[in-house]
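# I'd like to go over a predicted model; first the sequence, then the structure.
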Amino acid sequence: MTLEHDGRHIPLRLVSIADAEARGIEAVRQDREAHDLPPGSPRPSSLSKAVVFGAPEVVLMDLPQLTEDQPAHRPLIAAHAVPWPGEMAVFRSPSTDGFELLTTFGGRARIGALVSDFYAGPTSRFDLGNALVIDLLSGTLESITDLALFGGANALAIETASGAWEIVQAGTADLIAPGRYQLTRLLRGQRGTEVAMANPVVAGARVVMLDDALASLPIAEADLGLPWNWRIGPASRSVSDETYVAASVTPLGVGLRPFSVAHVEQPWRRPRTPGDLTIRWTRRSRALAADSWGAVEVPLIEEIEAYEVEILDGAAVKRTLTASTTSAIYSAAQQTADWGGLLATGDTLTIRIFQLSALIGRGASKTVTLTF
């Protein structure tokens, strides 16, 4: 209550009231400005909802080396989740228990799927005949200039039925429905992945945009070829939580695999040795610096230069030739042993060429049929 006294208003807090011959009131003076709590933040008008994380969409990829700061042998991982937990943890184990933390990453990747079948196309030039239609779970795409395209922009990986990945770049991106893009003006089989090109890749195949959201898994070269078990999920949760995704993937070190050779020439007979055939080709390099137009020859990134040339009879291998240069001799004696005589005008010869790596063996193959 407020007591008006001597021209002032004094706030009082009543403590007790007693009725006897006269009413007695006990009160305590209050100084609200000195003793009251300051006004706090208002209470929320509604209760906040708990954030529930689901299992993420996770893709483990063995790809060629994409950037200089990425060791060639390391696989990549991409993940997508809504809501995004902020950071994903990657655990691995050689068995089904005893998982150890390998790494964490915080980028949400742009993952999608093919809407329709995607057919094989030309390499080393624009594929103007195919259109790549994809649905993205999140994120956007946009058209870019040829200069940006040649610099590596708008790159994506498409998974084939065999589990291999073709790297494709798109110059034109058209939004045709919410989250759905039609990509044209394509560069196919980038970074030596033309061997993964399928005809067709069926609708529903996974697609991953290759950008900074991907994380490199810090494994050692000694881990290649070992069947690891992986668990990936929100870093804020335990590895045994139901939000973790389990996968069994064996990293093969595709980034260390030599590219297939190019420009296989028609055989020609050496004049000093009648009947011998010389098969020639051009070496390619998996080095990122191999795209330089000023270099006389691409750098040899392997420890040694070595090749194997298989002479084929249908699916069977008749003979394997070895070479330390970009040519191999198929001698007259070998032809006679394989075919009963020398190859003559009008005959065909199917061969398969591999460049060899000291660490992982054979690289990507190049199969051609030569006509005499």
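Alright, I've got the coordinates.
# shaky segments in the stretch 201-350 of the chain?
268-272 (pLDDT under 70).
# what ranges do the strands span in it?
For the stretch 201-350 of the chain, the strands defined by DSSP state E, counting those that start in this stretch occupy 206-209, 215-216, 228-234, 245-249, 268-269, 277-280, 307-313, 316-323, 327-330, 348-357.
# can you put these in TSV and add mean neighbour count and distance to residue 162?
Using the backbone N, CA and C atoms, a C-beta is placed for each residue, glycine as well. Compiled in TSV, the strands of the stretch 201-350 of the chain are given as follows (neighbours: other Cβ atoms under 10 Å; distance: least, Cβ to Cβ, whole Å):
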stretch	mean neighbour count	distance to residue 162
strand 206-209	22	13
strand 215-216	18	23
strand 228-234	21	20
strand 245-249	14	14
strand 268-269	14	36
strand 277-280	19	28
strand 307-313	18	20
strand 316-323	14	21
strand 327-330	18	28
strand 348-357	20	17
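# will you turn those into TSV that also has distance to residue 62?
Below are the strands of the stretch 201-350 of the chain laid out as TSV (distance: least, Cβ to Cβ, whole Å):
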stretch	distance to residue 62
strand 206-209	12
strand 215-216	12
strand 228-234	12
strand 245-249	8
strand 268-269	39
strand 277-280	31
strand 307-313	22
strand 316-323	26
strand 327-330	29
strand 348-357	15
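# those strands: which one's closest to residue 106?
Closest approach to residue 106 among these is made by strand 215-216 (8.6 Å; Cβ to Cβ).
# just checking, what packs against that closest one?
Contact here means 3 or more Cβ pairs under 8 Å, 6 or more residues apart in numbering; DSSP states H and E; on that basis strand 215-216 packs against strand 76-80.
# each with direction, which strands does the strand it packs on pair with?
strand 57-61 (antiparallel), strand 215-216 (antiparallel) (DSSP bridges).
# which one of these lies closest to residue 73?
Nearest of the strands paired with strand 76-80 (Cβ to Cβ): strand 215-216, 10.1 Å.
# give me the contacts around that closest one.
Contact with strand 215-216 is made by 70, 71, 74, 75, 76, 77, 78, 90, 103, 105, 107, as judged by Cβ atoms under 8 Å, 6 or more residues apart in numbering.
# next up, the contacts around the residue lying closest to residue 87 once chain neighbours are set aside.
Nearest residue to residue 87, sequence neighbours excluded (Cβ to Cβ, 6 or more residues apart in numbering): residue 235, at 4.2 Å. Applying Cβ under 8 Å, 6+ apart, we find residue 235 in contact with 85, 86, 87, 88, 89, 104.
# tell me if I'm right that the third one and residue 233 touch.
To tie it back to what came earlier, the one meant is residue 87. No: using Cβ atoms under 8 Å as the test, residue 87 is too far from residue 233 to be in contact (10.4 Å).
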